[in-house]
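Chemist: Build me a structure from this.
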Amino acid sequence: MSLVRAYRAGGVLALVFGVAASLVSGAHVPDVERGRALYENHCVVCHTPKVHSRPNRIPLNVSELRQIVTNWAKQENLRWSEEDIADVVWYLNETKYRY
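Modeler: Predicted coordinates for the structure are as follows:
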């Protein structure tokens, strides 16, 4: 298994366990449609579809994707909650990355 594939497999497991833990604990379950709305209202102004396929900025797993979304939300002063970030990460993973 390649290193990239191993990272991606780890990301899938982290995502599955995270959602399962959320369901058991009653915590927030990511909402892909809300994530889409947040992304379209705050991110597509600067991001073209090409941004998600650039070789030098593609996150290797869900954890890296979450860190990128978190950093940009802070940099842009979006004041997103953890749930907002989770929704955007879920949306991006479901539509662009598929870890």
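Chemist: show me the contacts for A73.
Modeler: Residues near A73 by C-beta atoms under 8 Å, 6 or more residues apart in numbering: 79-80, 84-85, 88. For the C-beta atoms, the positions are set from N, CA and C on the backbone; glycine is no exception.
Chemist: buried set for the helix or strand harbouring it?
Modeler: Element membership for A73 (DSSP states H and E) is helix 62-75. Going by neighbour count (16 or more other C-beta atoms under 10 Å), the buried part of helix 62-75 is 62-63, 65-66, 69, 72-73.
Chemist: Can you tell me the closest non-neighbouring residue to the residue most central in space within the chain?
Modeler: Against the mean C-alpha coordinate of the chain, by C-alpha atoms, centre = their mean, the closest residue is V89 at 1.9 Å. If the residues on either side of it in the chain are set aside, V89 comes closest to R66, at 4.9 Å by C-beta to C-beta, 6 or more residues apart in numbering.
Chemist: Is there a neighbour count for N41? I'd like the number.
Modeler: When counting by other C-beta atoms under 10 Å, one arrives at 10 neighbours for N41.
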